[in-house]
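*Asks:* Here is a sequence with its predicted model. Questions after.
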Amino acid sequence: MAIYVDADACPVKDEIYKVARRLGLDVHVVANSFIRTPMEPRIKFVLVDAGPDLADDWIAERAAVGDVVVTNDIPLAGRVLEKGAEAISPTAKIFTSDMIGSALATRGLMEHLRSFGEITSGPKPYSQKDRSAFLSALDTAINRAKRKAG
């Protein structure tokens, strides 16, 4: 069992490290630019080449039943769900097979609106309440992954 982190712009890496230490899990922090990670054997930084979706591809190729993937990327969440892994966002959204289709459709609609110059708001500032919600979602995802892995 491992946690894979789509690390570019992930605001909850420290929370992931704490949970992984407590549970004895491996963490793979994947990005296309350097990110400082703790120098610990179970926390591994993976630098992929710069380019669209290369970090996503690296994660999707390795994630399996019993793993948890932390990402804001809806297509990546869909890919790892197909492989039996759990997927959650840093905003505590637990991705499921039942909702991924509508999430992808909404994403496509928002991209379409932005292409016409439609102004959309960015993410709200990350709060302590958001961190608590994420920790709860991570705990749920880890427990689901453990049950799937047997």
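*Replies:* Nice, I can see it. Here the structure is a predicted model, which means the values were calculated and not measured. Numbering: from 1, shown residues only.

*Asks:* how about the strands in this protein?
*Replies:* 2-6, 26-31, 43-47, 68-70, 86-88, 94-95 (DSSP state E).

*Asks:* The ones you listed: lowest mean pLDDT?
*Replies:* Ranked by mean pLDDT, the strands of the chain bottom out at strand 94-95, with a mean of 91.

*Asks:* Centre of the chain to that strand, how far?
*Replies:* 10 Å (Cα atoms, centre = their mean, to the nearest Å).

*Asks:* ok, it: who's next to it in the sheet?
*Replies:* strand 86-88 (antiparallel) (DSSP bridges).

*Asks:* Let me have the strands of the chain in a markdown table, adding mean neighbour count and distance to residue 124 as columns.
*Replies:* Using the backbone N, CA and C atoms, a C-beta is placed for each residue, glycine as well. Formatted as a markdown table, those follow (neighbours: other Cβ atoms under 10 Å; distance: least, Cβ to Cβ, whole Å):
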| stretch | mean neighbour count | distance to residue 124 |
| --- | --- | --- |
| strand 2-6 | 25 | 20 |
| strand 26-31 | 22 | 23 |
| strand 43-47 | 16 | 28 |
| strand 68-70 | 29 | 19 |
| strand 86-88 | 27 | 18 |
| strand 94-95 | 19 | 19 |
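
*Asks:* need the helix or strand of this structure with the lowest average pLDDT.
*Replies:* Every helix and strand in the chain was compared by mean pLDDT, DSSP states H and E; the lowest is helix 97-115, with a mean of 63.

*Asks:* low-confidence ranges in this structure?
*Replies:* 100-116, 118-123 (pLDDT under 70).

*Asks:* List the buried residues of stretch 49-66.
*Replies:* Within stretch 49-66, the residues that count as buried by 16 or more other Cβ atoms under 10 Å are 55, 56, 58, 59, 60, 62, 63, 66.
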